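A.B. asks: what's the 3D shape of this:
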Amino acid sequence: MSSKNKDFFMFALPGLFCFLAVVILPFAYGVYLTLTDWNGVSDVKNFVGLQNFGGVVKDGQFWRSLLLTFRYVIVVVVLVNVLAFFIAYLLTRGIKGQNFFRAGFFTPNLIGGIVLGYIWQFVFSRVFVGIGESTGWGLFEASWLSEPSKAFAALVIVTVWQLSGYMILIYVAGFMGMSEDVLEASTIDGASGWRRMKDIIMPLMMSSITICLFLTLSRAFMVYDVNLSLTAGAPYGTTEMAAMHVYEKAFTSRQFGVGQAEALILFLIVACISGIQVYLTKKKEVEA
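C.D. replies: Okay, here's the model as predicted:
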């Protein structure tokens, strides 16, 4: 056996097997289930063709949750990346204790989404209400999770708080890998302030921006754990994101075929949007 084959069987084959077993085969099986009337429990799987996709079209709650998810994704992606970019910029300017701050900002990302949701549920329902009662501030008089608009804002706040730390590390790596010679040359040429940021720093950071946008998009579209533990779709289903609706449709309503069809549609939407985003931002990448 040649050394190339040995390397393949030793290193690539185990990873390829795991990828096929964990990703490709379940995905193919899921596509097959969209063509059946399986309820998630029965041994019988009757072939129904595209009937489940007709059920998706008629499922108004799914489309409402999808529109809410789009709104959520837009707000989260913008806030996370803007906040992470400028915090990372500050943490690479040589300020005192910047390594401590980097670790501190990253810590929320280590907390699981379920635990994080319950922690913030206590904050919004008890701590904020206590502040409102003691100060008389109308903003905190009632739990944020009891009103649709405030519950949506609560979801955004928690997600931004959690995801920003991870994106900060990626942006910090990008800033640290930036050539100081280029920055010094731009200063000598008279570039400063916003012009320096727009024409020099942003193009050089585009590879980091590509990664962070992709990760934020995919995570925001597939949010489930925080949605479940923080609001569980309340009040009255007004904060139910698409991933939670798909789960409820498949496992609670026992309409596994329709739920799987909705999951496939959600996957295709995320794949298309993420692919377009990567393509567009990759074109803007430059080398120092």
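A.B. asks: where along the stretch 101-250 of the chain do the strands fall?
C.D. replies: Counting by DSSP state E, counting those that start in this stretch, the stretch 101-250 of the chain yields no residue ranges for strands.
A.B. asks: can you list the weak-confidence ranges in it?
C.D. replies: Counting by pLDDT under 70, the stretch 101-250 of the chain has no low-confidence residues at all.
A.B. asks: Helices along that one, start to end?
C.D. replies: 113-122, 128-135, 148-176, 180-188, 193-196, 202-204, 206-221, 225-230, 242-247 (DSSP state H, counting those that start in this stretch).
A.B. asks: Let me see the confidence value for S3.
C.D. replies: On the pLDDT scale, S3 is placed at 69.
A.B. asks: Go through stretch 62-72 and flag the buried ones.
C.D. replies: Neighbour counts using 16 or more other Cβ atoms under 10 Å place 62, 65-66, 68-69, 72 of stretch 62-72 among the buried residues. C-beta coordinates here come from the backbone N, C-alpha and C atoms, glycine included.
A.B. asks: The spatially most central residue of the chain and F47, how far apart?
C.D. replies: By Cα atoms, centre = their mean, the chain has its centre lying nearest to R219, at 1.8 Å. Per Cβ to Cβ, to the nearest Å, R219 is found 35 Å from F47.
A.B. asks: before we move on, what about L163?
C.D. replies: Taking Cβ to Cβ, one finds L163 at 41 Å from F47.
A.B. asks: Going by how many neighbours each has, rank these two and give me the top one.
C.D. replies: L163 (25 against 9; other Cβ atoms under 10 Å).
A.B. asks: Give me the longest helix you can find in the chain.
C.D. replies: When the chain is parsed with DSSP state H, its longest helix is helix 60-90.
A.B. asks: now that helix and helix 148-176, what's the angle there?
C.D. replies: Using axes from the mean of the first three to the mean of the last three Cα atoms, to 10 degrees, the direction of helix 60-90 lies 40 degrees away from that of helix 148-176.
A.B. asks: for helix 60-90, packing partners?
C.D. replies: helix 148-176, helix 206-221, helix 242-247, helix 256-283 (3 or more Cβ pairs under 8 Å, 6 or more residues apart in numbering; DSSP states H and E).
A.B. asks: Quick one, which of those helices gets closest to Q51.
C.D. replies: Nearest to Q51 among these is helix 256-283; the distance by Cβ to Cβ comes to 7.9 Å.
A.B. asks: about what we covered before: could you export the helices of the stretch 101-250 of the chain as JSON lines, including distance to Q255?
C.D. replies: JSON lines is the format used below for the helices of the stretch 101-250 of the chain (distance: least, Cβ to Cβ, whole Å):
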{"stretch": "helix 113-122", "distance to Q255": "25"}
{"stretch": "helix 128-135", "distance to Q255": "37"}
{"stretch": "helix 148-176", "distance to Q255": "26"}
{"stretch": "helix 180-188", "distance to Q255": "57"}
{"stretch": "helix 193-196", "distance to Q255": "53"}
{"stretch": "helix 202-204", "distance to Q255": "47"}
{"stretch": "helix 206-221", "distance to Q255": "22"}
{"stretch": "helix 225-230", "distance to Q255": "19"}
{"stretch": "helix 242-247", "distance to Q255": "10"}
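A.B. asks: Out of those, which one sits most buried?
C.D. replies: Of all the helices of the stretch 101-250 of the chain, helix 242-247 has the most neighbours on average by mean count of other Cβ atoms under 10 Å, namely a mean of 23.
A.B. asks: Run the chain-centre distance for that one.
C.D. replies: Centroid separation between helix 242-247 and its chain, computed with Cα atoms, centre = their mean, to the nearest Å, is 15 Å.
A.B. asks: circling back: right, and the helices and strands packed on helix 60-90 - which one's nearest T231?
C.D. replies: Here helix 148-176 is closest among the helices and strands packed on helix 60-90 (Cβ to Cβ), at 5.2 Å.
A.B. asks: now the closest one against helix 113-122, angle please.
C.D. replies: 130 degrees.
A.B. asks: Can you tell me the number of residues neighbouring the nearest residue to I95 once chain neighbours are set aside?
C.D. replies: Distances taken as Cβ to Cβ, 6 or more residues apart in numbering place F101 nearest to I95, at 7.8 Å, with adjacent residues excluded. Close neighbours of F101, defined as other Cβ under 10 Å, add up to 15.
A.B. asks: Sounds good, over and out.
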